[in-house]
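Participant: quick one, fold the following:
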Amino acid sequence: MILEHDGIYLDYTRQNATLDTIKLLLRLAEAADLKTKIAAMFTGQHINTSEDRAVLHVALRAARDSVIQDLGNNVVPPVWDVLDKIKAFSDRVRSGELKGATGKPLTNVVAIGIGGSYLGPEFVNTALSTDASSMKHAAGRNLIFLANVDPVDAVHALHSLDPETTLVVIVSKTFTTAETMLNARTVKSWIVSRLGGEHAVAKHMVAVSTNLKAVEEFGIDLNNTFGFWDWVGGRFSVSSAVGVLPLSLQYGFDTVMQFLEGMRDIDDHFKSIPLAENLPVILGLLNVWNATFLGHPTCAILPYQQALAKFAPHIQQVSMESNGKRVALDGTELSFPTGEINFGEPGTNGQHSFYQLIHQGRVIPCEFIGVCQSQQDIRLAGDDVSSHEELMANFFAQPDALAMGKRAEELKAEGVPAHLVAHKTFPGNRPSLSLLLPDLTPYRLGQLLAMYEHRVAVSGFIWGINSFDQWGVELGKVLAKKVRNKIADARAGKRKMGESDGFNNSTMRLLNKFLKVDGTVGSDASDTLPPGLK
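Facilitator: This is a model prediction of the structure:
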């Protein structure tokens, strides 16, 4: 129950599973026609049936001479056209050839997006920011993400920046995403007010979008617009211009290419290696085993590397938005639960936060991720081990503690007082797996992310669901638009206090309470930036 590939070492011996379990899960994969479904994804078949779309994020990191088709057209050449355009643009910005409206180099980049347009790129940026080689390429530069529509997030992102040296990347496929476009307008107002006019927009704002008309109307130069395609799901888009553009501006295109090459390596492994030796396949089957067969709805992702602090939040979306479904591909309601609740925190921080629950409370399958060589190690005189070795001692100890536990007989033999034995007993037999990487370079990051992307797809293929749509995010957005209109009516004096507006009683009372104390109602129509941006 150990797999190795290109330096990656997976140990799943501590799962609540035997070799017979794995054989049965592999038979389940055959019954679910997993090989055919994997092939269908890589060959551009429209496996996203509810939207009649191909699922081709693998084409985003394919070699230049690859052929991957959608409706008879090879999508790889257009992908490389965008990559070449990103390289040319990022090189010109980083060299100082492209300057801002006042002639200063653009050394700060603010990436505006939400969901998959933010979580994936932020995860990669966080991990690269402490890699020695990547740090050299990023010297003197700054990459910041703005996602939440809460104006406090805009203040956090912008308050210490000089607009003269700031380039803004707006990421929105349709250029209509409510949160992203409100943040884009806020930053545009900040730039215009601080740099003296609309002329600055074309010099300081670029777009990742397919809606060229809306981009041009916003004031962005169409030459500085980078496209992507409807066969790229947002949560799988970090290897598109969504991630490649801001990351190339920060670290250089060559660094990002190493990341894409790591993803490509796992793509090739996933589509060609037999199921029993296939890393994403085994990870996905174990996910199904734990979540559906054993009834453990939660999975903790526990990287023992601070550089991976944003990995669990990204995988939360990749997994929970993909596999949080209640119906099969044909629309019939499933008779078994799918998906898993993901959460996580880097070790050893998590040990002092929620491991108590994992050891002695609920059974939560754990996925430990370790790295042999630290990005930034410390060895202090007089210490027996380095800081990274101290960290890794916990990485090795925690899975054993979960698996083996501590029996009452052992505690009694050690002389533990009788009234404390029950409190200090650990049941053990808590499932986990351990994933060990040689180091954490851009290439390894790409491998890690692609492995989890495909792990999620495998689980969905086995469950027989569509992992590539996300209708569950729509209803709340529709209702929010209805509430927004009522708030606008109140601001304009078109709504009387106490009207129900068709909302349920609870919402009506909450809305009226908010409108009663909301200091912005009745303000004038001119731009008002928060104090932190003035």
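
Participant: contacts for the one helix or strand R27 maps to?
Facilitator: R27 is part of helix 19-31, with elements assigned from DSSP states H and E. For helix 19-31, contacts defined as Cβ atoms under 8 Å, 6 or more residues apart in numbering pick out 1, 15, 17, 35, 275-276, 281-282, 285-286, 288-289, 462. Heads up, the C-betas are built off the backbone N, CA and C, glycines and all.

Participant: quick one: name whatever helix or strand follows the helix or strand harbouring S322.
Facilitator: Using DSSP H and E, S322 falls within helix 311-323. Beyond helix 311-323 on the C-terminal side, the first helix or strand identified by DSSP H and E is strand 341-343.

Participant: list the buried residues in the next helix-or-strand element following that next one.
Facilitator: Once the chain leaves strand 341-343, the next helix or strand it forms, by DSSP H and E, is helix 355-360. Neighbour counts using 16 or more other Cβ atoms under 10 Å place 355, 358-359 of helix 355-360 among the buried residues.

Participant: chain neighbours aside, what residue packs nearest to S467?
Facilitator: Counting by Cβ to Cβ, 6 or more residues apart in numbering, G460 is the residue found nearest to S467 once chain neighbours are left out, at 3.1 Å.

Participant: so what's that neighbour up against?
Facilitator: 322-323, 325, 338, 466-467.

Participant: would you check which pair of those residues lies furthest apart?
Facilitator: Spatially, the most separated pair among those is T338 and N466, at 10.9 Å (Cβ to Cβ).

Participant: now do the shared contacts for those two.
Facilitator: In contact with both T338 and N466: 325, 460, using Cβ under 8 Å, 6+ apart.

Participant: what's the closest of the buried residues of helix 355-360 to F236?
Facilitator: Distances from F236 to the buried residues of helix 355-360, taken by Cβ to Cβ, are shortest for I358, at 29.2 Å.

Participant: ok, the closest residue to that closest one other than its chain neighbours - contacts?
Facilitator: Spatial nearest neighbour of I358, chain neighbours left out: I364 (5.1 Å); criterion: Cβ to Cβ, 6+ apart. The neighbourhood of I364, defined by Cβ under 8 Å, 6+ apart, consists of 296, 298-300, 357-358, 430.

Participant: now, which of those lie within helices?
Facilitator: Among the contacts of I364, the ones falling in helices (DSSP state H) are 357-358.

Participant: show me which of the contacts of helix 19-31 are buried.
Facilitator: Buried among the contacts of helix 19-31 (16+ other Cβ under 10 Å): 1, 15, 17, 35, 275, 281-282, 285-286, 288-289, 462.

Participant: pull the most distant pair out of those residues.
Facilitator: Pairwise distances across these (Cβ to Cβ) peak at 22.9 Å, for the pair Q15 and K35.

Participant: helix, strand or coil: sort out V109 for me.
Facilitator: What DSSP: H, G, I helix; E, B strand; the rest coil gives for V109 is strand.

Participant: counting neighbours, what do you get for it?
Facilitator: By other Cβ atoms under 10 Å, the residues close to V109 number 25.

Participant: was I right to think it contacts Y251?
Facilitator: No. Using Cβ atoms under 8 Å, V109 is not in contact with Y251, being 10.8 Å away.

Participant: okay, and the common contacts of these two?
Facilitator: Counting by Cβ under 8 Å, 6+ apart, V109 and Y251 have no common neighbour.

Participant: and stretch 412-422, what's its mean pLDDT?
Facilitator: Mean pLDDT, stretch 412-422: 97.

Participant: to clarify, my last question referred to stretch 289-308.
Facilitator: 97.

Participant: and the end-to-end length of stretch 527-534?
Facilitator: One end of stretch 527-534 sits 11 Å from the other (Cα to Cα, to the nearest Å).

Participant: go ahead and name everything in contact with it.
Facilitator: Residues from elsewhere that reach stretch 527-534 (Cβ under 8 Å, 6+ apart): 151-152, 154-155, 158-159, 186, 189-190, 193.

Participant: so what's the residue count around P78?
Facilitator: Residues contacting P78 under the criterion other Cβ under 10 Å number 14.

Participant: quick one: contacts for it?
Facilitator: Here P78 is in contact with W229 (Cβ under 8 Å, 6+ apart).

Participant: so how far is the helix or strand hosting it off the chain centroid?
Facilitator: Secondary structure assignment for P78, by DSSP H and E: helix 76-95. Here helix 76-95 is found 23 Å from its chain centre; the criterion is Cα atoms, centre = their mean, to the nearest Å.

Participant: going forward, the N-terminal residue is numbered 5.
Facilitator: Okay, using 5 as the starting number, the last item reads as helix 80-99.

Participant: now it: buried residues?
Facilitator: Buried, per 16+ other Cβ under 10 Å, within helix 80-99: 80, 83, 86-87, 89-91, 93-95, 97-98.

Participant: using JSON lines, lay out these together with distance to N215 and pLDDT.
Facilitator: Below are these laid out as JSON lines (distance: Cβ to Cβ, whole Å; pLDDT from 0 to 100):
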{"residue": "V80", "distance to N215": "23", "pLDDT": "98"}
{"residue": "V83", "distance to N215": "19", "pLDDT": "98"}
{"residue": "V86", "distance to N215": "16", "pLDDT": "97"}
{"residue": "L87", "distance to N215": "21", "pLDDT": "98"}
{"residue": "K89", "distance to N215": "17", "pLDDT": "98"}
{"residue": "I90", "distance to N215": "19", "pLDDT": "98"}
{"residue": "K91", "distance to N215": "24", "pLDDT": "98"}
{"residue": "F93", "distance to N215": "19", "pLDDT": "98"}
{"residue": "S94", "distance to N215": "22", "pLDDT": "98"}
{"residue": "D95", "distance to N215": "26", "pLDDT": "98"}
{"residue": "V97", "distance to N215": "23", "pLDDT": "98"}
{"residue": "R98", "distance to N215": "27", "pLDDT": "98"}
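
Participant: looking at these, which one is closest to F274?
Facilitator: The nearest member of those to F274, counting by Cβ to Cβ, is V80 at 17.6 Å.

Participant: all strands of this protein, in order?
Facilitator: For the chain, applying DSSP state E gives strands covering 6-9, 12-15, 73-74, 77-78, 112-116, 146-150, 170-175, 209-212, 229-230, 302-307, 345-347, 370-375, 436-441.

Participant: out of these, nearest to G223?
Facilitator: Among these, strand 209-212 comes nearest to G223, with 7.1 Å by Cβ to Cβ.

Participant: centre of the chain to that closest one, how far?
Facilitator: Centroid separation for strand 209-212 versus its chain: 21 Å, with Cα atoms, centre = their mean.

Participant: what strands flank it, and is each parallel or antiparallel?
Facilitator: In the sheet, strand 209-212 lines up against strand 170-175 (parallel), strand 229-230 (parallel) (DSSP bridges).
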